[in-house]
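This is the structure alone, sequence omitted:
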């Protein structure tokens, strides 16, 4: 595997094309690290979330919006931390990068859950990804604002 990566890195045509697209090994490592982290977090949280949604509601009239989102809040905070750190520490990190990784991790987790739950509706998983995406966007914004504050302090010093 290492030889394959070396061959790709040393190939001039591939290297030039990757540079044109803005793909660097640093960015690939960021994507892969965040992707692996999110797949683990999402699979743990969303599997229990699907079990929660599949249980019968003891409340007359079913679940409310707050009832449905309540099990996800704590995990959303944990999953948002890397987005804040990446936005703060890397000027090239964009919210579009985060969206791609979230979408990829969500698709992989859905595929895994659909193997476990044969009649899993994609909307159940999509509904669960909404708070994760929102928390990631908020964390990204906080990291960007903190970085710009840090940059302003360095310029004035």
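Thanks, I have the structure now. Because the structure is predicted, anything quoted here is derived from the model rather than measured.

Report how many residues lie close to residue 73.
Number of residues near residue 73 (other CB atoms under 10 Å) recorded here: 11. To be clear about C-beta, it is placed using only N, CA and C from the backbone, and glycine gets the same treatment.

Please list all residues in contact with residue 81.
Residue 81 is in contact with residue 139, counting by CB atoms under 8 Å, 6 or more residues apart in numbering.

what's the following helix or strand after the helix or strand containing residue 78?
Secondary structure assigned from DSSP states H and E places residue 78 in helix 73-89. Following helix 73-89 in sequence order, the next helix or strand is helix 95-116 (DSSP H and E).

mind listing what's buried in that next one?
For helix 95-116, the neighbour count (16 or more other CB atoms under 10 Å) marks 97, 98, 101, 102, 105, 106, 109, 110, 113 as buried.

neighbouring contacts of stretch 28-47?
Residues outside stretch 28-47 that contact it (CB under 8 Å, 6+ apart): 71-72, 75, 78-79, 82-83, 86, 90, 93, 97-98, 100-102, 104-106, 108-109, 112-113, 116, 125, 128-129, 132.

That stretch: which residues count as buried?
Across stretch 28-47, burial judged by 16+ other CB under 10 Å covers 30-31, 34-35, 37-39, 41-43, 45-47.

picking that back up, average pLDDT across the helix holding residue 78?
Per-residue pLDDT over helix 73-89 has a mean of 88.

Please identify the buried residues of that helix?
Under 16+ other CB under 10 Å, the buried positions of helix 73-89 are 75, 76, 79, 80, 82, 83, 84, 86, 87, 88.

where do the strands sit along the protein?
Applying DSSP state E to the chain gives no strands.

Contacts only, for residue 146.
Residues near residue 146 by CB under 8 Å, 6+ apart: 84, 88.

quick one, the longest helix along the chain and helix 73-89 angle?
Among the segments of the chain that qualify as a helix by DSSP state H, the longest is helix 122-156. Here helix 122-156 runs at an angle of 40 degrees relative to helix 73-89 (axes from the mean of the first three to the mean of the last three CA atoms, to 10 degrees).

which parts of helix 122-156 are buried?
124-125, 127-129, 131-133, 135-137, 139-140, 143-144, 147.
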